[in-house]
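Colleague: Generate coordinates for the sequence data below:
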Amino acid sequence: MHARGNAAHGYFVCDTNLEDLTIAKLFGSPGKKTPIFLRFSTVLGSKGSADTVRDVRGFAVKFYTEEGNFDIVGNNIPVFFIQDAIKFADIIHAGKPEPHNEIPQAATGHDNFWDFVSLTPETTHMITWIMSDRTLPRSHRMMQGFGVHSFVMYNKHGERTFVKFHFTPKLGVKSFVFDEASKLAGADPDFHRRDLWDAIEAGKFPEWDLSIQVVEEKDENDFDFDLLDATKIIPEDLVPRRHVGRIVLNRNPDNYFAETEQVAYHTGHLVPGIAPSNDPLLQGRMFSYIDTQVSRLGGMNFEEIPINRPLCPFHNNQRDGFHRQTINKGKVNYSPNRFDSPREASQSEGGYVHPPTFVVGPKVRARGPKFAEHFNQARKFYISLCDWEQEHLTQALIFELSHVMDKGIKERMIKNLNHVDHDLACKVAKMIGLDSPKAVVHNPFVRKSPYLSQVEFQGVPSIATRKIAFLFAAGFSGPQSKALKEFVEAHGAMAVNIGPHVGELADDQGNYVPIQATYTNTKSVQYDAVVIVGGQRHVDTLKEVGPILAFVNEAYKHGKPIIATEEGIQLLHDLRWDGISLASNKEDFELSHGVLTTTYYDNQQKFNQAVFNTIAAHKYPERDTRRVPA
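Modeller: Purely as a prediction, here's the structure:
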């Protein structure tokens, strides 16, 4: 679970007084900066490089509060596969390569994984999220984070509330498409690590809004699902999110191993005012995470490693042992002791106490009856997606299940998917060689939600940190390229000159510009948009270069903004994209499904604004790309 990852230092600023919920200094007073360390890690990958292709990603935040460290150990998905921690080893083992031949590596498209999934219907909700574009983030900076479980907050009177944590990126929620991510795994397997590092080094600090959903303890049983079921969300149309503050990452690690690889997160790292709920999966994590860190970091004293050590003053009588970092003085190593120092703080002194919980009835090894329903929320998620999101999810399931050899596994999966959506099940069944299932009656009370499609999380309109490819051959328009580059860079984007060779290249004015990449050592998947300026000789050359035509076609197929000025339009015209209109009149510009063209460019403010808006939209998935060869 921690094999790959990247992380950064930062701070959390509280904007809200939460005195009604908790006495914890966890969130600090409004305006105060609390240090944090945020780590992204790969939890379960499905194909290729774990850093760049479809996978569940850990989103773990360590708050260094005045009362000790508090960890939110979450994912980029708001739910998990299983309801009970006893199944944790099985889901992890099923997702690994098959043990007899260690194939396939870093992929879940095989019989063992889908056998477990098909026989464990509680995984269905998680599977719909994983097969969606949510597991193909454009950047960790454009990815949501979730605490997954229902936690408990309590105030000084011992009054309890259930909470769920949400982290929403300021830049919006943006994704790759699967073909794009697969190719990126080969072109730059360190893409996400490089992206986060470069953005912070450039001063483009990533930000997330931290919000919580709050349910009073008296309302716990008012839902048709169990709040303690980690395979369920609390729909935001039932319980809106409440803004708490914002997280900013403003410093990269000084030493990658000492900090990123040695950081230890644990759901049991708690401070006064917050406690675990009785979620059976969370309860299992409370035990397993300490074992994980002891094994991974070499002993019980892993919490004394500098990156894990609280910043607030702390002291106890737990001394000595393997890999001990602290050199204790004195002769007391037990509590209580005759010197009365140190000792455990009482509740009145701000010490941690577990809030009292009223319990009635027999204690049994079982889950509540509401845990038995597995499909309503999976259906809610699927029908809430827009058309192209549903299509991407469908194709992802087809891709995965087409690698399954056992017919019985595929039949069980189609049966489960049929409870999510009949049309979805029929489309997948047809493509994996099965008959369409009979329709089932879906719960009529399951409705769409505006909070589940990623298109609802556009973020602040911005092109900051976007990477723009400028394609050049000798004789390109110097004035046009200069004006466009200055414009996008003034708005925080990064312009990269791509030419026939690295070094310098002459424009149509005889001026030389630096070339950072070549037609063959870089790929369209490494960029967010493509620009082709005018200059007849330059365009005539580009039209004869196969890698350039493939570069532009591929960027178009992946839905990326394409911008062409004056003679640059000729190259796009020759590619003959279906349904795309190109500018043709003097002093005119045309925007067609993210393809922005102008027959006359003189750094006009109106066109530049169109450039900004086109790139800020990120992707144009509505394009008809069926005939595009890339």
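
Colleague: quick one: residue 177 and residue 137 touch, right?
Modeller: No. With contact defined as CB atoms under 8 Å, residue 177 does not reach residue 137; the gap is 11.9 Å. Every C-beta, even on glycine, is put in place using the N, C-alpha and C of the backbone.

Colleague: out of the two, which sits in the busier spot?
Modeller: Between residue 177 and residue 137, counted using other CB atoms under 10 Å, the more crowded position is residue 137 (26 against 20).

Colleague: Look up the residues forming beta bridges with that one.
Modeller: Going by DSSP bridges, residue 137 is paired in beta bridges with residue 175.

Colleague: and it, what is it in contact with?
Modeller: 57, 76, 143, 173-176, 192 (CB atoms under 8 Å, 6 or more residues apart in numbering).

Colleague: Find the pair from these with maximum spatial separation.
Modeller: 173 and 192 (15.0 Å; CB to CB).

Colleague: For these two, indicate the residue with more neighbours.
Modeller: residue 192 (26 against 22).

Colleague: Check the gap between that one and residue 409 for me.
Modeller: Separation of residue 192 from residue 409 (CB to CB, to the nearest Å): 31 Å.

Colleague: Can you tell me the centre-most residue of this protein?
Modeller: Residue closest to the average C-alpha location in the chain (CA atoms, centre = their mean): residue 143, at 3.4 Å.

Colleague: related to what we said a few turns ago, using a markdown table, lay out the contacts of residue 137 together with pLDDT.
Modeller: Below are the contacts of residue 137 laid out as a markdown table (pLDDT from 0 to 100):
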| residue | pLDDT |
| --- | --- |
| 57 | 90 |
| 76 | 96 |
| 143 | 95 |
| 173 | 96 |
| 174 | 95 |
| 175 | 95 |
| 176 | 95 |
| 192 | 93 |
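
Colleague: What about the closest residue to residue 501 other than its chain neighbours, how many residues nearby?
Modeller: Among residues not flanking residue 501 along the chain, residue 518 sits closest, at 5.9 Å (CB to CB, 6 or more residues apart in numbering). Residues within reach of residue 518, counting by other CB under 10 Å, total 14.

Colleague: same check, this time on residue 194
Modeller: Using other CB under 10 Å, residue 194 has 14 neighbouring residues.

Colleague: tell me the domain boundaries of this protein?
Modeller: The chain resolves into domains spanning 5-92+135-308, 467-616 when parsed by automatic domain parsing.

Colleague: export those to a markdown table and tack on distance to residue 98?
Modeller: As requested, the domains of the chain are exported to a markdown table (distance: least, CB to CB, whole Å):
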| stretch | distance to residue 98 |
| --- | --- |
| domain 5-92+135-308 | 14 |
| domain 467-616 | 29 |
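
Colleague: between those, which gets the lowest average pLDDT?
Modeller: Ranked by mean pLDDT, those bottom out at domain 5-92+135-308, with a mean of 90.

Colleague: got the end-to-end distance for that domain?
Modeller: End-to-end distance for domain 5-92+135-308: 17 Å, by CA to CA, to the nearest Å.

Colleague: does the residue nearest to the centre of the chain really touch residue 59, like I thought?
Modeller: Yes. Using CB under 8 Å, residue 143 is in contact with residue 59, at 7.3 Å.

Colleague: re earlier: nearest to residue 453, of the domains of the chain?
Modeller: Closest approach to residue 453 among the domains of the chain (CB to CB): domain 5-92+135-308, 9.4 Å.

Colleague: how far out from the middle of the chain is that closest one?
Modeller: From the chain centre to the centre of domain 5-92+135-308 is a distance of 11 Å (CA atoms, centre = their mean, to the nearest Å).

Colleague: who are the neighbours in contact with the residue nearest to the centre of the chain?
Modeller: So residue 143 contacts 40, 57, 59, 76, 137, 169, 173 (CB under 8 Å, 6+ apart).

Colleague: Show me which of the residues you listed are buried.
Modeller: Restricting the contacts of residue 143 to buried positions leaves 40, 57, 59, 76, 137, 169, 173, with burial counted as 16 or more other CB atoms under 10 Å.

Colleague: Which pair in those has the greatest spatial separation?
Modeller: Pairwise distances across these peak at 14.9 Å for 40 and 173 (criterion: CB to CB).

Colleague: Straight-line length of stretch 297-312, end to end?
Modeller: 23 Å.

Colleague: Counting neighbours, which bits of that stretch end up buried?
Modeller: 297, 301-303, 305, 307-308, 310.

Colleague: about what we covered before: which member of the contacts of residue 137 is positioned nearest residue 422?
Modeller: When the contacts of residue 137 are ranked by distance to residue 422 (CB to CB), residue 175 comes first, at 26.1 Å.

Colleague: right, and the closest one touches residue 453 too?
Modeller: No. Using CB under 8 Å, residue 175 makes no contact with residue 453, being 11.5 Å away.

Colleague: The two: who's more crowded?
Modeller: Higher neighbour count among residue 175 and residue 453: residue 175, with 23 against 18, using other CB under 10 Å.

Colleague: Sketch out the helices for the stretch 501-630 of the chain, chain order is fine.
Modeller: Ranges of helices in the stretch 501-630 of the chain, per DSSP state H, counting those that start in this stretch, are 536-542, 546-557, 568-575, 605-616.

Colleague: Pull out the buried residues from the second one.
Modeller: If I follow you right, that is helix 546-557. 547-549, 551-557.
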